[in-house]
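>>> Sequence plus the predicted model coming up.
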Amino acid sequence: MKKYWLFIALMFMVASPVCGHVINYELQKMNSNTVFWRYTLIGFQHIIPLGFDHILFITCVFFLNPNLKQVVLQASMFTLAHSITLGLAMYGIIKPPANVVEPLIAFSIVLLATENIFSNKVKPWRLVMVFLFGMVHGMGFAGALAQMGMPRYAFATALISFNVGVELGQLSIILILYFLVSKPFSSQIWYRRGIVIPASVLIALVASYWTVERIFFV
């Protein structure tokens, strides 16, 4: 058990990104099929391995309810929400400032992790929280795509495929957590005390540091 927790601690502390949305690619003219697969891959990479803050967010969503269907439902709400704001931002309808969005993303992780510590079941407002936080994260995704550039001749294709990649990345995180953590340990009486609460405390501390860092040093 000690070795297991050492691994978890190293996994969470191995990176401390100031901003989890910096992706730089050279954009070349591509046909529609190439655009779709290229941006699907970019969306996936934005979660694994580049999106450490999003990984922690999905981990928080996962920990409060080990039921796989419920976790996927929450992740789908998150995807729907970030797709809305990502689309609005990329089409220029909204222009969220990064110096506001980035601290809010980190703070959303703090709030979810804190709820995991003090609540032992999913409350009705959980889906609302995940949806609202997903809208904030979508603005962060828009910052990534703005830095990278979008092909004007296949704008919608790139936008949709990026979201597909993000969703695949999120589902991958959920499945990894399910088979490595939930399936073997969630039925144990010490699961919440020994895994959920300590991991949530660690996540809250890391995200609190990011929040302060992004407010004062970014």
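Yep, that arrived.

>>> What residues does residue 67 make contact with?
By Cβ atoms under 8 Å, 6 or more residues apart in numbering, residue 67 lies in contact with nothing. Where C-beta positions appear, they are placed from N, C-alpha and C, glycine not excepted.

>>> wait, what's in contact with residue 193?
Residue 193 neighbours (Cβ under 8 Å, 6+ apart): none.

>>> Show me where the protein has its helices.
Taking DSSP state H as the test, the helices found in the chain are 2-13, 32-47, 52-63, 68-90, 98-118, 126-148, 155-177, 183-185, 191, 197-216.

>>> Adding mean neighbour count, write those out as CSV.
Formatted as CSV, the helices of the chain follow (neighbours: other Cβ atoms under 10 Å):
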stretch, mean neighbour count
helix 2-13, 12
helix 32-47, 19
helix 52-63, 25
helix 68-90, 19
helix 98-118, 20
helix 126-148, 20
helix 155-177, 20
helix 183-185, 13
helix 191, 17
helix 197-216, 18
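
>>> export those to JSON lines and tack on mean pLDDT?
Formatted as JSON lines, the helices of the chain follow (pLDDT from 0 to 100):
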{"stretch": "helix 2-13", "mean pLDDT": "41"}
{"stretch": "helix 32-47", "mean pLDDT": "88"}
{"stretch": "helix 52-63", "mean pLDDT": "92"}
{"stretch": "helix 68-90", "mean pLDDT": "88"}
{"stretch": "helix 98-118", "mean pLDDT": "93"}
{"stretch": "helix 126-148", "mean pLDDT": "86"}
{"stretch": "helix 155-177", "mean pLDDT": "91"}
{"stretch": "helix 183-185", "mean pLDDT": "91"}
{"stretch": "helix 191", "mean pLDDT": "93"}
{"stretch": "helix 197-216", "mean pLDDT": "95"}
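
>>> Give me the nearest residue to the spatially most central residue of the chain, chain neighbours excluded.
With distances taken as Cα atoms, centre = their mean, residue 54 lies nearest the centre of the chain, 2.1 Å away. Excluding its sequence neighbours, the residue lying closest to residue 54 (Cβ to Cβ, 6 or more residues apart in numbering) is residue 47, at 5.4 Å.
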